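[1] Next comes the sequence, and after it the predicted model I'd like to discuss.
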Amino acid sequence: MDYSNRENINLNEKVKEHAELIAALISGLIILLAWRMDSNGLETASILAYLSAFIIGGYAKAKEGILDTIENRSLNVEILMILAAIGSAIIGYWTEGAILIFIFAVSGALETYAMNKSHREISALMNLQPEEAWLVRGAFEPIKVPVSSLTVGDHLLIKPGERIPVDGVIFKGTSSIDESAITGESMPVTKQVEEEVFAGTVNLSSTLTINMTKPNTESLFQKIITLVQSAQSEKSPSQQFIERFEGIYVKFVLLAVVVMMFLPHYLLGWDWTTTFYRAMVLLVVASPCALVASIMPATLAAISNGARNGVLFKGGVHLEHLSVLKLLAVDKTGTLTEGAPIVTDIIVREDLNKEKVISILASIESQSNHPLAQAITKYAKEHSIEILSGIEIEDVPGWGLNATIDGNTFKVGKPEFVGREESQTFANQSAETLAEEGKTVIFMKDGSGIAALVALKDTVREEAKQAVTLLKQLGINVAMLTGDNKKTAHIIAKEAGVHDYIAECLPETKVNHIKGYMEDYKYVGMVGDGINDAPALATSTVGIAMGGGTDVALETADVVLMKNDLSKIAYAVRLSKKMQRIVKQNIIFSISVITLLIISNFLQIVDLPLGVIGHEGSTILVILNGLRMLNNKI
């Protein structure tokens, strides 16, 4: 396709997208022309011009209103506007009727813009995922193939500057990856061999070869798109109430207009022209356009804002619930803490060389897959300590390891395994102190006795501490649920600064604890990342899953944090509270304007032109106020 054709297609798409606004502006120009002709005495020509303005400006909204009325068998505000414009024309107020259609068309175009702005977030996400990829097969040159043709296990070449087309694991190479499309974080992340990469992210610095691990339809990126789409289609309780209220209110207004056409003539002595005129003004000013537009634009804008910042809402209802949370229950491992132990202390017998002891210990532990063993091996690698290979070990499940190195035997494990009495006499005070700090202590024993002790701990995330502080500032208490013993739980809870904690909490009892909290606090959130957290996530008022969690947790949760950063919850709560403030502002403002205009009409203070401007102007202001939710400054 040549560039001129592309430009024509883009132009056509833009025209189609802004069709309502273009039609509204054209009708506005025709109204000016018609008013000018009317001023010069060209009455018939001006009426024809006004009619064309009615049709051009009101077609989109009239069609929407009529189709919606037929489909749902209930009246709506669009029907009220059509009747008001026709009524204005019947009593000779062509200019006022045309202006009503013009402003109504502008407010409709603005509401469509709000919807399109939200949908553009989805389109922008979809455009981030490449349609083609470089497939690598053996020693052959990479070939470009459609992403849809790829299967799990394929090797793909990703050049610098290219977007990663699928979820996978790095097979060869090291590079910086821009993951802002997934996590909302602008800082690139360095990824190495065997680390996971995601579709839609950008390879910045070096060529990578990745191994595809998930079908294209199940990629994290595709899940994000699906979540945001479903969130935008799901209406919040407030929006559902307004839509139910709209049908009843419209019938009430029409009944009031019919009464207004006759009653003032007989009770107040108004002439028929004034009576009918005031009935038409009532039809205009009593329409709940602004009230109907009070919620949806703000909700859609908030969902889009969250998606842009790595917080995915599965619907407006969950966004509303966040604003009333009183307590947030947080899983410990992998949520408050790093989820993997790290070495915090190493104490070696005085007659031994510390580096050599660590080398022997790490060499033994490198043969095991236990998380504590992996932590010790990682510590040695980070400190460039030699790790010996070819060591024979005997794994004693639940206790530790036996090993032989150069004819010397070693035991690594719990005090009971290496010898409780010997372990108690070795750095006794230090071992007890370390255990009281919530650390796991293991010992290494050689032929002469205990050679060393190593303390390990699953440390609290720094961002978790900040998140707890931020949530407290928002008036939300934080409770920690953990399967650890009370001593460890108490220490972690103190470090994290949480309000309450429940220790020795079994997966199946988490639901009971959440129910207990809900009795005390009513609105309770739950944060988790594992399969065992899924029931509690489903039970809570709002379930929040960490992006790095299991698929079950992600599916069960109402809100997903694309980065394992609890501070995003505070952002989501502020976003929710701001949305609720804006919605309340809109509702109070729209009801106040409608009430004022109805009273003013009955007192014959406001005429049709001012009624049109007051009514439709309030609708435009409400929509613009809702669009403030697109701003990242929360």
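    Yep, that arrived. Numbering: from 1, shown residues only.

[2] can you give me the end-to-end distance of stretch 434-454?
    10 Å (CA to CA, to the nearest Å).

[3] so where do the strands sit in the stretch 501-634 of the chain?
    Secondary structure of the stretch 501-634 of the chain (DSSP state E, counting those that start in this stretch): strands at 524-528, 542-546, 559-561.

[4] As TSV, those with mean pLDDT, mean neighbour count and distance to residue 336 would be great.
    Where C-beta positions appear, they are placed from N, C-alpha and C, glycine not excepted. Formatted as TSV, these follow (pLDDT from 0 to 100; neighbours: other CB atoms under 10 Å; distance: least, CB to CB, whole Å):
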stretch	mean pLDDT	mean neighbour count	distance to residue 336
strand 524-528	88	29	9
strand 542-546	85	27	11
strand 559-561	84	26	13
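
[5] Tell me the helix or strand right after the helix or strand where residue 377 lies.
    Assigned by DSSP states H and E, residue 377 belongs to helix 371-382. Next in sequence after helix 371-382, counting helices and strands by DSSP H and E, comes strand 392-396.

[6] now the angle from the helix or strand following that following strand to helix 371-382?
    Under the assignment DSSP H and E, the closest C-terminal helix or strand after strand 392-396 is strand 400-405. Counting by axes from the mean of the first three to the mean of the last three CA atoms, to 10 degrees, strand 400-405 lies at 40 degrees to helix 371-382.

[7] which secondary structure elements does strand 400-405 contact?
    For strand 400-405, the elements it packs on are helix 354-365, strand 392-396, strand 408-413, judged by 3 or more CB pairs under 8 Å, 6 or more residues apart in numbering; DSSP states H and E.

[8] which residues touch stretch 606-617?
    88, 93, 95-96, 99-100, 103-104, 106-107, 277, 280-281, 284-285, 287, 289-290, 593-594, 596-597, 600-601 (CB atoms under 8 Å, 6 or more residues apart in numbering).

[9] how does it look with 6 Å?
    Stretch 606-617 is touched from outside by 93, 96, 99, 100, 103, 104, 107, 281, 284, 285, 597, 600, with contacts defined as CB atoms under 6 Å, 6 or more residues apart in numbering.

[10] Pick out the residue nearest the middle of the protein.
    residue 312 (2.0 Å; CA atoms, centre = their mean).

[11] Now do the SS call for that residue.
    strand (DSSP: H, G, I helix; E, B strand; the rest coil).

[12] So what sits opposite it in the bridge?
    Counting by DSSP bridges, residue 312 forms beta bridges with residue 560.

[13] Kindly state the pLDDT recorded for it?
    Confidence at residue 312, expressed as pLDDT, is 82.

[14] and the gap between it and residue 196?
    Applying CB to CB, to the nearest Å, the value for residue 312 to residue 196 is 19 Å.

[15] following the helix or strand of the chain with the lowest mean pLDDT, which helix or strand comes up?
    Within the chain, no helix or strand scores below helix 3-17, which has a mean of 51 by mean pLDDT, DSSP states H and E. Next helix or strand after helix 3-17 toward the C-terminus (DSSP H and E): helix 19-39.

[16] returning to that earlier point: could you tell me the angle between the helix holding residue 377 and strand 408-413?
    Counting by the same axes, to 10 degrees, helix 371-382 points 120 degrees away from the direction of strand 408-413.

[17] Who are the packing partners of helix 371-382?
    For helix 371-382, the elements it packs on are strand 342-348, helix 354-365, judged by 3 or more CB pairs under 6 Å, 6 or more residues apart in numbering; DSSP states H and E.

[18] so which of the ones you listed gets nearest residue 56?
    Nearest to residue 56 among the helices and strands packed on helix 371-382 is strand 342-348; the distance by CB to CB comes to 68.9 Å.

[19] got the CA positions of that closest one in CSV?
    Provided in CSV are the C-alpha atoms of strand 342-348 (Å, rounded to 0.1, in the frame of the first residue of the first chain):
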residue,chain,number,x,y,z
ILE,A,342,18.2,-14.0,51.4
VAL,A,343,21.4,-14.5,53.5
THR,A,344,21.5,-11.9,56.3
ASP,A,345,24.2,-13.2,58.7
ILE,A,346,27.2,-15.7,58.5
ILE,A,347,29.2,-16.6,61.6
VAL,A,348,32.2,-18.9,61.1
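
[20] What is that strand packed up against?
    helix 371-382, strand 449-457.

[21] Just the buried positions in the last one, please.
    In other words, strand 449-457. 450, 451, 452, 453, 454, 455, 456, 457 (16 or more other CB atoms under 10 Å).

[22] Redo the residues you listed as a markdown table? Include pLDDT and distance to residue 27.
    Below are the buried residues of strand 449-457 laid out as a markdown table (pLDDT from 0 to 100; distance: CB to CB, whole Å):
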| residue | pLDDT | distance to residue 27 |
| --- | --- | --- |
| 450 | 88 | 90 |
| 451 | 88 | 89 |
| 452 | 89 | 85 |
| 453 | 90 | 83 |
| 454 | 90 | 79 |
| 455 | 89 | 77 |
| 456 | 86 | 73 |
| 457 | 83 | 70 |
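
[23] so can I have TSV of those showing distance to residue 294?
    TSV is the format used below for those (distance: CB to CB, whole Å):
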residue	distance to residue 294
450	71
451	72
452	67
453	64
454	61
455	58
456	55
457	51
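
[24] Residue 484: which of those is nearest?
    Distances from residue 484 to the buried residues of strand 449-457, taken by CB to CB, are shortest for residue 457, at 11.0 Å.

[25] Which residue lies closest in space to residue 79, excluding its sequence neighbours?
    Spatially, and ignoring its direct neighbours in sequence, residue 79 is nearest to residue 65 (5.0 Å; CB to CB, 6 or more residues apart in numbering).

[26] could you say what helices and strands the helix or strand hosting the one you found packs with?
    Assessed by DSSP H and E, residue 65 sits inside helix 43-72. When contacts are defined as 3+ CB pairs under 6 Å, 6+ apart, helix 43-72 packs onto helix 19-39, helix 77-90, helix 94-128.

[27] a markdown table for those helices, including distance to residue 48?
    What follows is the helices and strands packed on helix 43-72, written out as a markdown table (distance: least, CB to CB, whole Å):
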| stretch | distance to residue 48 |
| --- | --- |
| helix 19-39 | 8 |
| helix 77-90 | 12 |
| helix 94-128 | 10 |
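
[28] If you average pLDDT over each of the ones you listed, which is lowest?
    When these are compared on mean pLDDT, helix 94-128 scores lowest, with a mean of 66.

[29] any residues touching the helix or strand following that one, and which ones?
    Sequence-wise, the next helix or strand downstream of helix 94-128 (DSSP H and E) is strand 132-136. With contact meaning CB under 6 Å, 6+ apart, strand 132-136 is reached by 142, 143, 144, 145, 146, 147, 155, 156, 157, 165.

[30] Adjacent strands (with direction) for strand 132-136?
    strand 143-146 (antiparallel), strand 155-158 (antiparallel).

[31] for the buried residues of strand 449-457, which one is nearest residue 60?
    residue 457 (63.3 Å).

[32] surely the closest one meets residue 439?
    Yes. The pair residue 457 and residue 439 qualifies as a contact (CB atoms under 6 Å) at a distance of 4.5 Å.
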